[in-house]
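Q: Using only what follows, build the 3D model:
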Amino acid sequence: MNAIARPELCVFELAEMRTDVLRGLASKPKRLPSKYFYDARGSELFEQICAQPEYTLTRDELAIMRVHAHEIAAALGANVRLVEYGSGSGLKTRLLLRHLQTPAAYVPVEIARDALRASVAKLASEFPQIEMLPMCADFTQPVALPRAGRSAQRTVIYFPGSTLGNFDAHDSVRLLKQMRAEVGEGGAALIGIDLKRDRVTLEAAYNDAAGVTARFTLNMLARFNRELGANFDLSAFRHRARWNALAGRIETHLVSARAQSVRVANHTFHFEIDEAMLVEYSCKYSLEEFSALAARADLRVTRSWSDAQSRFSVVLLQPH
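A: Residues are numbered from 1 along each chain as shown. Below you'll find the model as predicted:
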């Protein structure tokens, strides 16, 4: 069997990006969707972030997968169609696929086309027996999942990396409800969540000394310059990430270093000096808080696995 059974589907359009950016810049306060971080350069910078000493999230999750992947795979069962939201480099996925029993198919849903192609090519080479059905799409919107060549016992959505934390509570519940609808009554979701820690540690993780996260954040503006014909001056914005204890999240902004105007798609937007534009939430949870959040989407926590320092958890959700 050819591991990649069909060409990748691409439902993401440049027009959608333009609409999102114009709407966000017209909002008060201004905000931009974090999903646009991940062009080819953004994906490369994110891999560098994961290697920074302050950012332990990826290493903690990998440690969980290395120790518990066999238990997690057993809990998911045999012959599953594994759907991954935001597949990225596929490093954690590789550990899971090695332990799954006769998976029916792997369906990565990723908005960054280059990252999707690279990841699937590597996984297809390592797992030629698994049908690969890549989708270039925005996983935050419902998508028609492709059918596997052979019938699956159940559908499991894999959402690693604490990406769910990039959404506020309302949008997190909406996305969890979408997952529940896509997996059906017999399905499940396997989700990574970053656990709450002290403020100093959390803020350091998003303000690394090497400045990689700042370059990653500013790269979004470079992308809009290239793809939308915008004229953001990257030197006129600075990265800022702070812990909001009341909301339980890191809030990342791009702050205007001076009064300025920016043009995007024939629209002009004015920035005051020190005006902050929201670009990302990074919510942190206790296991009890996450269980309550999932319950709002009619999902229940059936298993969880944490690292030795209890900084991260991989949680298995199933419909009530």
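
Q: For the helix or strand where Val314 lies, list the C-alpha coordinates in PDB.
A: When secondary structure is defined using DSSP states H and E, the element that contains Val314 is strand 312-319. Coordinates of each C-alpha in strand 312-319 appear next as PDB, following Å, rounded to 0.1, in the frame of the first residue of the first chain:
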ATOM      1  CA  PHE A 312       2.600  18.800  32.200                       C
ATOM      2  CA  SER A 313      -0.100  16.300  31.700                       C
ATOM      3  CA  VAL A 314      -1.500  14.200  28.900                       C
ATOM      4  CA  VAL A 315      -5.200  13.700  29.400                       C
ATOM      5  CA  LEU A 316      -7.600  11.100  27.900                       C
ATOM      6  CA  LEU A 317     -11.100  12.400  27.300                       C
ATOM      7  CA  GLN A 318     -14.200  10.400  26.400                       C
ATOM      8  CA  PRO A 319     -17.800  11.300  25.800                       C
END
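
Q: so how far is that strand from its chain's centroid?
A: How far strand 312-319 lies from its chain's middle: 16 Å, per CA atoms, centre = their mean, to the nearest Å.

Q: got it, and stretch 113-123?
A: Using CA atoms, centre = their mean, the offset of stretch 113-123 from its chain centre is 16 Å.

Q: Please name the residues that touch Gly161.
A: For Gly161, the set of contacting residues under the criterion of CB atoms under 8 Å, 6 or more residues apart in numbering consists of 57-58, 61, 86, 88, 92, 192. For every residue, glycine as well, the C-beta is placed using N, CA and C.

Q: ugh, wrong one, Ala297
A: When contacts are counted by CB under 8 Å, 6+ apart, Ala297 is found next to 173, 176-177, 179-180.

Q: measure the nearest residue to His267 once chain neighbours are set aside to Glu16 for me?
A: Nearest residue to His267 in three dimensions, chain neighbours excluded: Leu22, at 5.8 Å (CB to CB, 6 or more residues apart in numbering). Here the criterion is CB to CB, to the nearest Å. By it, Leu22 lies 11 Å from Glu16.

Q: before we move on, back to that, SS state for the residue nearest to His267?
A: When the structure is split into helix, strand and coil by DSSP: H, G, I helix; E, B strand; the rest coil, Leu22 lands in helix.

Q: ditto for Asp274
A: Reducing the assignment to helix, strand or coil with three-state DSSP, the entry for Asp274 is coil.

Q: Would you mind giving me the confidence score for it?
A: Per-residue pLDDT puts Asp274 at 98.

Q: tell me the phi and psi of it?
A: phi 70, psi 10 (degrees, to the nearest 10).

Q: Neighbours of it, how many?
A: Neighbour count for Asp274, taken as other CB atoms under 10 Å: 11.

Q: Surely it and Val255 touch.
A: Yes - judged on CB atoms under 8 Å, Asp274 makes contact with Val255 at a distance of 6.1 Å.

Q: returning to that earlier point: mind listing what's buried along the strand holding Val314?
A: Of the residues in strand 312-319, those buried by neighbour count under the rule 16 or more other CB atoms under 10 Å are 312-319.

Q: what's the answer for stretch 93-100, then?
A: So stretch 93-100, judged by 16+ other CB under 10 Å, has buried residues 93-97, 99-100.

Q: same check, this time on stretch 254-263
A: Buried residues in stretch 254-263, counted by 16+ other CB under 10 Å: 254, 256, 260, 262.

Q: For the last one, which residues are in contact?
A: Contacts for Val262 (CB under 8 Å, 6+ apart) come out as 25, 230-233, 268-269, 271.

Q: what is the rounded mean pLDDT of the helix or strand containing it?
A: Here Val262 is covered by strand 260-264, with elements defined by DSSP H and E. Per-residue confidence for strand 260-264 averages out to 98 on the pLDDT scale.
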